[in-house]
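Asker: structure of the sequence below:
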Amino acid sequence: MRVATLTELTSGVDALYLSGRAALPSSLLDRLESGREEAIALDARPPFQFGALEMFIAPHSFGKYRYSLEHPFGRVGFTPSAKLPAIRVQQRSEFLHGVGTGAAMNFFRDLLESEIGPVMLSVSRVDLFADFQGWDLVGDDRGSFVCRSHETATYEADEHLNGLQFGKRSSGTVSARLYDKTVEMKTTGSDYWRTIWADRYDPDRPVLRVEFELGRTAIREFGLDDPESVLAATGSLWAYLTSKWLTFRVPTGDGTKSRWPVAPEWEAVSRASVVDGDYGVERMYAGKRRGKLNNLMPGLVGYLAAFGALTDCQDFDRLVPVLNVHLRQYAEESGTSFDWRIFAKRRELALL
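Answerer: Coordinates of the predicted model:
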């Protein structure tokens, strides 16, 4: 029997991708090219000072953008091509939730203008979401959705419904996903959501995420463009998306699904607050690291147990000095110290 009373855990903006039009100084393009060449030669991400922020420059492009600067707060791409906006900004979800969407956007605007000068920002993608407990979505629910898109995909594992997707994400218009966030967290290690949900979260129950992705085309169709106008319209966008674009209905004998009454669950979804929260950057990144460690531990324990068995170690205290000897020996043979491997991995995981 379905429980119609939903508890909203949180809601708001989970992604805000920006494009920036500006005249890139030739001195910056020269620095970016030199940095990229260094990154290619090192096959690593060397530091790159951009404004007041030390970032890392990648040896590869960021999509169509030749230069990619990376930081725990986000990624910034630059291109000298006149066919594209000069700048592309992809803010990390944990940064958005750590300082708030508006503050995150202003941070990157100030950062860019400190190095480049005036920048005209526009939104190329925004994701709106709401997390709930109390609705355990099942496969049979698929037929009760009414959507303006005719594209629907179902995701299942071990006969358990993990999610539904409506519309194509690659279309640049609107797409929606409903999925088990707790299952997704185990894969991505994004454990900071437990901090956001706080005491509203019941760890014994799954969390259903309802998420809408709006691409550039859809944003323009709503008459929106700059970040301020998009963020000011999140409530109106959510109301439209959950009343016109996608709804969940109670089946009746009527052959026209759009005339079926809206289900109580969906009425609760449409009332989501869609607020801008700031939960603390340190808490968000601590949760991210915690989640990654949780994912790492099963494999790490298995490898260490196998190592102990192969080296005739009877317990953990005997294993540690033997492991130290083998790591030093491997460092000499490979020509790469373990300290350097840790340093490189920290950069790769954007934890510096």
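Asker: what segments of the stretch 151-300 of the chain are strands?
Answerer: 152-157, 160-166, 174-180, 208-215, 246-248 (DSSP state E, counting those that start in this stretch).
Asker: show me where pLDDT drops low in the stretch 251-352 of the chain?
Answerer: 276-297, 344-352 (pLDDT under 70).
Asker: meant to ask about the chain
Answerer: Checking the chain against pLDDT under 70 turns up 1-4, 158-159, 189, 276-297, 344-352.
Asker: give the residue farthest from the middle of it.
Answerer: In the chain, D312 marks the outermost C-alpha relative to the chain mean, sitting 43.5 Å out by Cα atoms, centre = their mean.
Asker: give me phi/psi at that one?
Answerer: Backbone torsions of D312, given as degrees, to the nearest 10, read phi 60, psi 30.
Asker: could you check how far it is from V322?
Answerer: 9 Å (Cβ to Cβ, to the nearest Å). Using the backbone N, CA and C atoms, a C-beta is placed for each residue, glycine as well.
Asker: F338 is nearest to which of the strands of the stretch 151-300 of the chain?
Answerer: strand 152-157 (36.5 Å; Cβ to Cβ).
Asker: other residues contacting that closest one?
Answerer: 139, 142, 145, 161-166, 179, 183 (Cβ atoms under 8 Å, 6 or more residues apart in numbering).
Asker: ok so, going back, using JSON lines, lay out the strands of the stretch 151-300 of the chain together with mean neighbour count.
Answerer: Listed next are the strands of the stretch 151-300 of the chain as JSON lines, based on neighbours: other Cβ atoms under 10 Å:
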{"stretch": "strand 152-157", "mean neighbour count": "12"}
{"stretch": "strand 160-166", "mean neighbour count": "18"}
{"stretch": "strand 174-180", "mean neighbour count": "23"}
{"stretch": "strand 208-215", "mean neighbour count": "23"}
{"stretch": "strand 246-248", "mean neighbour count": "23"}
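Asker: looking at those strands, which is nearest to R271?
Answerer: strand 208-215 (11.8 Å).
Asker: contact partners of that closest one?
Answerer: 14-15, 124-133, 135-137, 169, 171-181, 184, 222, 237-238, 241-242, 245-246, 269, 272.
Asker: please state the offset of stretch 77-88 from the chain centre?
Answerer: 23 Å (Cα atoms, centre = their mean, to the nearest Å).
Asker: and it, what's buried?
Answerer: 77-79, 85-88 (16 or more other Cβ atoms under 10 Å).
Asker: and V275, what does it touch?
Answerer: V275 touches 11-12, counting by Cβ under 8 Å, 6+ apart.
Asker: measure G308 to W260 for me?
Answerer: 61 Å.
Asker: who's in contact with the residue nearest the centre of the chain?
Answerer: Most central in the chain under Cα atoms, centre = their mean is S93, positioned 4.8 Å from the mean C-alpha point. Shown in contact with S93 (Cβ under 8 Å, 6+ apart): 14-15, 190.
Asker: nearest residue to F95 in space, ignoring adjacent ones along the chain?
Answerer: F73 (4.4 Å; Cβ to Cβ, 6 or more residues apart in numbering).
Asker: that neighbour against A103, yeah?
Answerer: No: counting by Cβ atoms under 8 Å, F73 stays clear of A103, with 11.1 Å between them.
Asker: compare the two (neighbour count), which wins?
Answerer: More crowded of F73 and A103, by other Cβ atoms under 10 Å: F73, with 22 against 13.
Asker: gap between that one and E54?
Answerer: 11 Å.
Asker: for R200, same thing?
Answerer: From R200 to E54 the distance is 37 Å (Cβ to Cβ).
Asker: same check on S27?
Answerer: Relative to E54, and taking Cβ to Cβ, S27 is found at 18 Å.
Asker: thinking again about what came up before, need the contacts of strand 152-157 in JSON lines with distance to P46, can you?
Answerer: Formatted as JSON lines, the contacts of strand 152-157 follow (distance: Cβ to Cβ, whole Å):
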{"residue": "G139", "distance to P46": "49"}
{"residue": "R142", "distance to P46": "49"}
{"residue": "F145", "distance to P46": "49"}
{"residue": "L161", "distance to P46": "45"}
{"residue": "N162", "distance to P46": "39"}
{"residue": "G163", "distance to P46": "39"}
{"residue": "L164", "distance to P46": "43"}
{"residue": "Q165", "distance to P46": "39"}
{"residue": "F166", "distance to P46": "43"}
{"residue": "Y179", "distance to P46": "38"}
{"residue": "V183", "distance to P46": "37"}
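Asker: which two among those residues are spaced furthest apart?
Answerer: F145 and V183 (20.0 Å).
Asker: higher neighbour count, the two?
Answerer: F145 (18 against 15).
Asker: wait, that one sits on L246?
Answerer: Yes: using Cβ under 8 Å, F145 is in contact with L246, at 6.6 Å.
Asker: list the contacts of S270.
Answerer: 238-239, 242-243, 262.
Asker: just the buried residues from those residues, in PyMOL please.
Answerer: Per 16+ other Cβ under 10 Å, the buried members of these correspond to this PyMOL selection:
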select buried, resi 238+242+262
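Asker: can you tell me which of the contacts of S270 are in helices?
Answerer: 238-239 (DSSP state H).
Asker: turn the contacts of S270 into JSON lines, including distance to Y303.
Answerer: Below are the contacts of S270 laid out as JSON lines (distance: Cβ to Cβ, whole Å):
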{"residue": "W238", "distance to Y303": "46"}
{"residue": "A239", "distance to Y303": "51"}
{"residue": "T242", "distance to Y303": "46"}
{"residue": "S243", "distance to Y303": "52"}
{"residue": "V262", "distance to Y303": "52"}
